[in-house]
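Chemist: Mind looking at a prediction? Sequence and model below.
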Amino acid sequence: MKPLRALRAAALAAAALLPWMAAPSAEAQEWRGWNIHAADYPNGRGMDRFGELVAQRTNNRIRMRTYHSAQLGQQDEAIQQMRLGSIDFANFNLSPFNNLAPSTQVVTLPFLFRDVAHMQRAIDGVAGEEIARDLEGIGIIALSWFDAGARSLYTTRPVRTPADLRGMKIRVQTSDLWIDLMRALGANPTPLPFGEVFTSLQSGVIDGAENNWPSYESTRHFEVARFFTTTEHSNVPEVLAVSRQRWQRLNEQERNILRDSAREAAAFQRQVWAEREVASRQAVERAGVNVIEIADRRPWAELMAPVYQKYTGSNPRLSGMVTRIRELQ
(Lines give C-alpha, C1' and ligand atoms only; values in the text may rest on other atoms or scores of the structure.)
Protein backbone atom coordinates (compact mmCIF):
# COMPACT_ATOMS: atom_id res chain seq x y z
CA MET A 1 0.00 0.00 0.00
CA LYS A 2 2.84 2.38 0.83
CA PRO A 3 4.26 2.36 -2.74
CA LEU A 4 0.74 3.06 -4.06
CA ARG A 5 0.28 6.02 -1.72
CA ALA A 6 3.70 7.30 -2.72
CA LEU A 7 2.78 7.07 -6.40
CA ARG A 8 -0.47 8.92 -5.79
CA ALA A 9 1.37 11.66 -3.90
CA ALA A 10 3.88 12.00 -6.71
CA ALA A 11 1.07 12.19 -9.27
CA LEU A 12 -0.67 14.95 -7.31
CA ALA A 13 2.55 16.92 -7.01
CA ALA A 14 3.15 16.62 -10.75
CA ALA A 15 -0.40 17.73 -11.49
CA ALA A 16 0.10 20.82 -9.36
CA LEU A 17 3.11 21.76 -11.48
CA LEU A 18 1.40 21.14 -14.81
CA PRO A 19 0.02 24.68 -15.33
CA TRP A 20 3.57 26.05 -15.20
CA MET A 21 5.19 23.19 -17.10
CA ALA A 22 2.61 23.15 -19.86
CA ALA A 23 2.57 26.90 -20.36
CA PRO A 24 4.57 28.37 -23.22
CA SER A 25 6.10 30.83 -20.73
CA ALA A 26 7.57 28.25 -18.31
CA GLU A 27 11.14 29.34 -19.07
CA ALA A 28 12.59 32.47 -17.48
CA GLN A 29 11.72 35.63 -19.37
CA GLU A 30 13.47 38.99 -19.57
CA TRP A 31 11.04 41.83 -20.16
CA ARG A 32 11.89 45.32 -21.44
CA GLY A 33 9.92 48.23 -20.02
CA TRP A 34 9.63 51.85 -21.14
CA ASN A 35 9.21 54.94 -18.96
CA ILE A 36 9.66 58.57 -20.00
CA HIS A 37 10.46 59.76 -16.48
CA ALA A 38 13.53 59.41 -14.27
CA ALA A 39 13.80 56.34 -12.05
CA ASP A 40 13.13 58.32 -8.85
CA TYR A 41 9.97 59.96 -10.27
CA PRO A 42 6.71 58.52 -8.81
CA ASN A 43 5.94 56.72 -12.08
CA GLY A 44 9.44 55.23 -12.23
CA ARG A 45 9.14 54.05 -8.65
CA GLY A 46 5.73 52.57 -9.41
CA MET A 47 7.08 50.66 -12.40
CA ASP A 48 10.02 49.34 -10.40
CA ARG A 49 7.62 48.20 -7.67
CA PHE A 50 5.57 46.39 -10.33
CA GLY A 51 8.67 44.57 -11.55
CA GLU A 52 9.70 43.61 -8.02
CA LEU A 53 6.28 42.17 -7.21
CA VAL A 54 6.10 40.17 -10.44
CA ALA A 55 9.59 38.76 -9.92
CA GLN A 56 8.76 37.71 -6.34
CA ARG A 57 5.47 36.08 -7.29
CA THR A 58 6.83 34.19 -10.30
CA ASN A 59 10.01 33.06 -8.51
CA ASN A 60 11.98 35.15 -11.03
CA ARG A 61 10.45 33.38 -14.02
CA ILE A 62 9.48 36.87 -15.20
CA ARG A 63 12.20 39.46 -14.69
CA MET A 64 11.41 43.02 -15.67
CA ARG A 65 13.85 45.77 -16.45
CA THR A 66 12.50 49.28 -16.87
CA TYR A 67 14.49 51.63 -19.11
CA HIS A 68 13.77 55.00 -17.51
CA SER A 69 14.20 58.51 -18.93
CA ALA A 70 12.95 57.53 -22.43
CA GLN A 71 16.07 55.46 -23.15
CA LEU A 72 14.06 53.41 -25.67
CA GLY A 73 12.68 56.45 -27.52
CA GLN A 74 10.03 59.11 -27.08
CA GLN A 75 6.45 58.16 -26.25
CA ASP A 76 5.07 57.97 -29.80
CA GLU A 77 7.95 55.67 -30.76
CA ALA A 78 7.48 53.54 -27.64
CA ILE A 79 3.77 53.07 -28.36
CA GLN A 80 4.60 51.68 -31.79
CA GLN A 81 7.31 49.45 -30.33
CA MET A 82 4.85 48.04 -27.81
CA ARG A 83 2.29 47.34 -30.53
CA LEU A 84 4.99 45.47 -32.45
CA GLY A 85 6.05 43.56 -29.33
CA SER A 86 9.58 44.92 -29.02
CA ILE A 87 8.68 46.67 -25.75
CA ASP A 88 6.96 44.40 -23.23
CA PHE A 89 5.51 46.83 -20.67
CA ALA A 90 5.27 50.56 -20.17
CA ASN A 91 3.64 53.48 -18.39
CA PHE A 92 1.99 55.78 -20.93
CA ASN A 93 0.12 59.04 -20.75
CA LEU A 94 -3.24 58.55 -22.48
CA SER A 95 -3.23 61.72 -24.58
CA PRO A 96 -1.07 60.36 -27.44
CA PHE A 97 -3.62 57.55 -27.84
CA ASN A 98 -6.41 59.98 -28.73
CA ASN A 99 -6.10 59.26 -32.44
CA LEU A 100 -5.76 55.49 -31.90
CA ALA A 101 -8.22 54.64 -29.12
CA PRO A 102 -11.31 56.92 -29.21
CA SER A 103 -12.36 56.49 -25.57
CA THR A 104 -9.07 57.99 -24.36
CA GLN A 105 -10.34 61.31 -25.71
CA VAL A 106 -12.98 61.45 -22.98
CA VAL A 107 -10.61 61.44 -19.99
CA THR A 108 -8.42 63.95 -21.85
CA LEU A 109 -11.28 66.44 -22.13
CA PRO A 110 -10.56 69.67 -20.26
CA PHE A 111 -12.26 70.49 -16.96
CA LEU A 112 -14.00 67.09 -16.85
CA PHE A 113 -13.04 65.92 -13.36
CA ARG A 114 -13.97 67.76 -10.18
CA ASP A 115 -10.88 66.58 -8.31
CA VAL A 116 -8.40 63.70 -8.03
CA ALA A 117 -10.81 61.43 -6.13
CA HIS A 118 -13.42 61.88 -8.87
CA MET A 119 -10.86 60.99 -11.54
CA GLN A 120 -9.76 57.86 -9.67
CA ARG A 121 -13.34 56.61 -9.27
CA ALA A 122 -13.90 57.06 -12.99
CA ILE A 123 -10.69 55.43 -14.23
CA ASP A 124 -10.97 52.52 -11.78
CA GLY A 125 -14.52 51.94 -13.04
CA VAL A 126 -16.57 52.91 -16.07
CA ALA A 127 -13.96 54.98 -17.90
CA GLY A 128 -11.14 52.50 -17.35
CA GLU A 129 -13.20 49.60 -18.66
CA GLU A 130 -14.00 51.42 -21.91
CA ILE A 131 -10.42 52.55 -22.43
CA ALA A 132 -9.00 49.08 -21.73
CA ARG A 133 -11.20 47.62 -24.48
CA ASP A 134 -10.00 50.18 -27.00
CA LEU A 135 -6.34 49.73 -26.06
CA GLU A 136 -6.56 45.97 -26.39
CA GLY A 137 -7.86 46.51 -29.92
CA ILE A 138 -4.56 48.20 -30.87
CA GLY A 139 -2.33 45.65 -29.17
CA ILE A 140 -1.95 47.02 -25.64
CA ILE A 141 -3.29 45.40 -22.45
CA ALA A 142 -4.15 47.86 -19.66
CA LEU A 143 -3.42 46.50 -16.18
CA SER A 144 -3.83 49.50 -13.86
CA TRP A 145 -3.91 53.28 -13.74
CA PHE A 146 -1.36 55.73 -12.38
CA ASP A 147 -2.06 59.31 -11.30
CA ALA A 148 -0.47 62.09 -13.33
CA GLY A 149 -1.75 65.12 -11.45
CA ALA A 150 -3.66 68.16 -12.56
CA ARG A 151 -2.04 69.87 -15.53
CA SER A 152 -1.68 73.64 -15.53
CA LEU A 153 0.03 76.26 -17.68
CA TYR A 154 3.57 77.53 -17.23
CA THR A 155 4.83 80.37 -19.35
CA THR A 156 7.56 82.93 -19.90
CA ARG A 157 5.19 85.82 -19.14
CA PRO A 158 2.15 86.07 -16.82
CA VAL A 159 -1.15 84.44 -17.78
CA ARG A 160 -4.11 85.40 -15.60
CA THR A 161 -7.01 85.07 -18.04
CA PRO A 162 -7.58 83.26 -21.35
CA ALA A 163 -7.12 86.62 -23.09
CA ASP A 164 -3.49 86.63 -21.95
CA LEU A 165 -2.86 83.48 -24.00
CA ARG A 166 -3.71 85.04 -27.34
CA GLY A 167 -0.85 84.62 -29.76
CA MET A 168 1.30 82.64 -27.33
CA LYS A 169 2.96 79.47 -28.61
CA ILE A 170 2.16 76.70 -26.12
CA ARG A 171 3.68 73.23 -26.38
CA VAL A 172 1.12 70.41 -26.51
CA GLN A 173 1.30 66.66 -26.87
CA THR A 174 0.81 65.06 -30.28
CA SER A 175 -2.98 64.94 -30.22
CA ASP A 176 -5.71 66.69 -32.21
CA LEU A 177 -7.71 67.20 -29.03
CA TRP A 178 -4.88 69.02 -27.26
CA ILE A 179 -4.34 71.19 -30.30
CA ASP A 180 -8.04 72.14 -30.32
CA LEU A 181 -8.01 72.73 -26.56
CA MET A 182 -5.26 75.34 -26.87
CA ARG A 183 -6.89 76.94 -29.89
CA ALA A 184 -10.12 77.29 -27.88
CA LEU A 185 -8.13 79.21 -25.27
CA GLY A 186 -6.73 81.49 -27.98
CA ALA A 187 -3.17 80.12 -27.94
CA ASN A 188 -1.09 78.78 -30.82
CA PRO A 189 -0.62 75.06 -30.07
CA THR A 190 2.84 73.72 -30.86
CA PRO A 191 3.26 69.92 -30.77
CA LEU A 192 6.74 68.95 -29.59
CA PRO A 193 8.39 65.90 -27.99
CA PHE A 194 8.58 66.30 -24.23
CA GLY A 195 12.38 66.12 -24.31
CA GLU A 196 12.58 69.29 -26.45
CA VAL A 197 10.51 71.55 -24.18
CA PHE A 198 13.36 73.01 -22.09
CA THR A 199 15.51 74.13 -25.02
CA SER A 200 12.43 75.39 -26.91
CA LEU A 201 11.42 77.55 -23.95
CA GLN A 202 14.99 78.75 -23.54
CA SER A 203 15.36 79.70 -27.20
CA GLY A 204 11.91 81.28 -27.58
CA VAL A 205 10.58 78.64 -29.99
CA ILE A 206 7.63 78.36 -27.58
CA ASP A 207 6.26 80.71 -24.92
CA GLY A 208 4.98 78.06 -22.57
CA ALA A 209 3.82 74.54 -21.95
CA GLU A 210 1.43 72.75 -19.65
CA ASN A 211 2.01 69.97 -17.17
CA ASN A 212 1.82 68.99 -13.51
CA TRP A 213 3.92 70.19 -10.60
CA PRO A 214 6.40 67.25 -10.49
CA SER A 215 7.09 67.41 -14.23
CA TYR A 216 7.55 71.18 -14.11
CA GLU A 217 9.99 70.81 -11.23
CA SER A 218 11.88 67.63 -12.16
CA THR A 219 12.65 68.79 -15.73
CA ARG A 220 13.74 72.19 -14.40
CA HIS A 221 11.35 73.89 -16.82
CA PHE A 222 10.74 76.39 -14.01
CA GLU A 223 14.18 77.84 -14.74
CA VAL A 224 13.06 79.07 -18.18
CA ALA A 225 9.29 79.50 -17.65
CA ARG A 226 8.89 81.44 -14.41
CA PHE A 227 5.10 81.81 -14.31
CA PHE A 228 2.81 78.93 -13.28
CA THR A 229 -0.95 79.44 -13.70
CA THR A 230 -3.10 76.93 -11.80
CA THR A 231 -5.68 76.34 -14.50
CA GLU A 232 -5.81 72.61 -13.59
CA HIS A 233 -7.47 72.19 -16.97
CA SER A 234 -6.76 68.49 -17.24
CA ASN A 235 -6.28 65.51 -14.94
CA VAL A 236 -5.46 62.69 -17.34
CA PRO A 237 -4.64 59.31 -15.75
CA GLU A 238 -1.83 57.16 -17.09
CA VAL A 239 -1.86 53.47 -17.94
CA LEU A 240 0.46 50.68 -16.80
CA ALA A 241 0.25 48.21 -19.66
CA VAL A 242 1.83 45.21 -21.35
CA SER A 243 2.14 44.26 -24.98
CA ARG A 244 -0.68 42.06 -26.25
CA GLN A 245 1.89 39.87 -28.00
CA ARG A 246 3.61 39.16 -24.68
CA TRP A 247 0.28 38.78 -22.86
CA GLN A 248 -0.88 36.08 -25.25
CA ARG A 249 2.12 33.94 -24.33
CA LEU A 250 1.25 33.94 -20.61
CA ASN A 251 -0.85 31.38 -18.78
CA GLU A 252 -3.78 32.44 -16.59
CA GLN A 253 -1.82 32.18 -13.36
CA GLU A 254 0.84 34.53 -14.70
CA ARG A 255 -1.81 36.96 -15.96
CA ASN A 256 -3.41 37.10 -12.52
CA ILE A 257 -0.01 37.79 -10.96
CA LEU A 258 0.54 40.67 -13.37
CA ARG A 259 -2.92 42.12 -12.74
CA ASP A 260 -2.59 41.97 -8.95
CA SER A 261 0.96 43.33 -9.00
CA ALA A 262 -0.05 46.20 -11.30
CA ARG A 263 -2.92 47.22 -9.00
CA GLU A 264 -0.63 47.21 -5.97
CA ALA A 265 1.98 49.18 -7.89
CA ALA A 266 -0.68 51.74 -8.85
CA ALA A 267 -1.78 52.19 -5.22
CA PHE A 268 1.86 52.74 -4.27
CA GLN A 269 2.42 55.19 -7.15
CA ARG A 270 -0.65 57.25 -6.24
CA GLN A 271 0.54 57.67 -2.67
CA VAL A 272 4.05 58.63 -3.78
CA TRP A 273 2.57 60.97 -6.39
CA ALA A 274 0.51 62.92 -3.84
CA GLU A 275 3.59 63.40 -1.66
CA ARG A 276 5.72 64.45 -4.63
CA GLU A 277 3.20 67.06 -5.80
CA VAL A 278 3.43 68.88 -2.49
CA ALA A 279 7.22 68.71 -2.44
CA SER A 280 7.57 69.87 -6.06
CA ARG A 281 5.34 72.90 -5.58
CA GLN A 282 7.26 73.89 -2.47
CA ALA A 283 10.57 73.51 -4.32
CA VAL A 284 9.66 75.78 -7.25
CA GLU A 285 8.09 78.36 -4.96
CA ARG A 286 11.35 78.49 -2.99
CA ALA A 287 13.13 78.99 -6.33
CA GLY A 288 11.08 82.15 -6.91
CA VAL A 289 8.48 80.97 -9.41
CA ASN A 290 5.46 83.25 -9.70
CA VAL A 291 2.36 81.13 -8.96
CA ILE A 292 -0.86 82.65 -10.32
CA GLU A 293 -3.83 81.04 -8.58
CA ILE A 294 -7.04 80.61 -10.58
CA ALA A 295 -9.86 80.58 -8.05
CA ASP A 296 -12.72 80.42 -10.57
CA ARG A 297 -12.15 78.13 -13.55
CA ARG A 298 -15.61 78.66 -15.05
CA PRO A 299 -14.53 81.35 -17.58
CA TRP A 300 -11.90 78.91 -18.83
CA ALA A 301 -14.23 75.90 -18.87
CA GLU A 302 -16.92 77.76 -20.79
CA LEU A 303 -14.55 78.12 -23.75
CA MET A 304 -14.41 74.33 -24.06
CA ALA A 305 -17.94 73.82 -25.45
CA PRO A 306 -16.70 73.50 -29.07
CA VAL A 307 -14.10 70.93 -27.98
CA TYR A 308 -16.73 68.74 -26.29
CA GLN A 309 -19.03 69.07 -29.28
CA LYS A 310 -16.30 68.05 -31.72
CA TYR A 311 -15.03 65.05 -29.78
CA THR A 312 -18.18 63.62 -28.19
CA GLY A 313 -21.24 65.42 -29.55
CA SER A 314 -21.88 63.12 -32.50
CA ASN A 315 -20.73 59.91 -30.78
CA PRO A 316 -23.29 58.42 -28.37
CA ARG A 317 -20.71 56.12 -26.83
CA LEU A 318 -18.31 58.94 -25.95
CA SER A 319 -20.97 61.44 -24.91
CA GLY A 320 -22.45 58.70 -22.72
CA MET A 321 -19.06 58.26 -21.06
CA VAL A 322 -18.92 61.97 -20.31
CA THR A 323 -22.38 61.84 -18.73
CA ARG A 324 -21.57 58.80 -16.59
CA ILE A 325 -18.33 60.36 -15.39
CA ARG A 326 -20.00 63.64 -14.46
CA GLU A 327 -22.73 61.79 -12.58
CA LEU A 328 -20.26 59.84 -10.44
CA GLN A 329 -20.46 60.80 -6.78
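Modeler: Ah, there it is. Numbers count the residues shown, from 1 in each chain.

Chemist: Moving C-terminal from the helix or strand hosting E217, which element do we reach first?
Modeler: In this structure, E217 sits in helix 213-218 according to DSSP states H and E. Along the chain past helix 213-218, the next helix or strand (assigned with DSSP H and E) turns out to be strand 227-234.

Chemist: in its sheet, what does the helix or strand following that following strand sit against?
Modeler: Past strand 227-234, further along toward the C-terminus, the next helix or strand under DSSP H and E is strand 238-243. Within its sheet, strand 238-243 is paired with strand 89-93 (antiparallel), strand 140-146 (antiparallel), according to DSSP bridges.

Chemist: Now render those strands as a markdown table, adding distance to M119 and mean neighbour count.
Modeler: (Glycine included, C-beta is placed from N, CA and C.) As requested, these are exported to a markdown table (distance: least, C-beta to C-beta, whole Å; neighbours: other C-beta atoms under 10 Å):
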| stretch | distance to M119 | mean neighbour count |
| --- | --- | --- |
| strand 89-93 | 14 | 25 |
| strand 140-146 | 9 | 24 |
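
Chemist: ok so, going back, please name every helix or strand in contact with the helix holding E217.
Modeler: Helices and strands touching helix 213-218, as assessed by 3 or more C-beta pairs under 8 Å, 6 or more residues apart in numbering; DSSP states H and E, comprise helix 252-286.

Chemist: What angle do strand 238-243 and the helix it packs on make with each other?
Modeler: Helix 252-286 and strand 238-243 are oriented at 150 degrees to each other (axes from the mean of the first three to the mean of the last three C-alpha atoms, to 10 degrees).

Chemist: tell me what helix 252-286 is packed against?
Modeler: Here helix 252-286 is seen to pack against helix 2-22, helix 42-57, strand 140-146, helix 213-218, strand 238-243 when contacts are counted using 3+ C-beta pairs under 8 Å, 6+ apart.

Chemist: starting at the chain centroid, how far to the second one?
Modeler: Once both centres are worked out by C-alpha atoms, centre = their mean, to the nearest Å, helix 42-57 turns out to sit 16 Å from its chain's centre.

Chemist: can you list the residues that contact the helix holding E217?
Modeler: Residues outside helix 213-218 that contact it (C-beta atoms under 8 Å, 6 or more residues apart in numbering): 37-38, 41-42, 149, 154, 221-222, 228, 273, 276-277, 280-281, 283-284.

Chemist: at 10 Å instead, please
Modeler: Under the contact criterion C-beta atoms under 10 Å, 6 or more residues apart in numbering, helix 213-218 has outside partners 36-38, 40-43, 148-152, 154, 194, 197, 209-212, 221-222, 225, 228, 230, 272-273, 276-285, 287, 289.

Chemist: on that earlier part again, any chance of the strands paired with strand 238-243 in a markdown table, with mean pLDDT and distance to R297 too?
Modeler: Formatted as a markdown table, the entries for the strands paired with strand 238-243 read as follows, by pLDDT from 0 to 100; distance: least, C-beta to C-beta, whole Å:
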| stretch | mean pLDDT | distance to R297 |
| --- | --- | --- |
| strand 89-93 | 96 | 22 |
| strand 140-146 | 98 | 24 |
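
Chemist: Would you tell me which of the ones you listed gets closest to N188?
Modeler: Put simply, out of these the one that sits nearest N188 is strand 89-93, at 21.9 Å, with distance taken as C-beta to C-beta.

Chemist: Apply the buried test to the contacts of helix 213-218 and list what passes.
Modeler: Among those, those classed as buried by 16 or more other C-beta atoms under 10 Å are 36-37, 41-43, 148-152, 154, 194, 197, 209-212, 221-222, 225, 228, 230, 272-273, 276-277, 280-281, 283-284, 289.

Chemist: thinking again about what came up before, can you tell me which of the strands paired with strand 238-243 comes nearest to E238?
Modeler: Within the strands paired with strand 238-243, the stretch nearest E238 is strand 140-146; the backing value is 4.3 Å (C-beta to C-beta).
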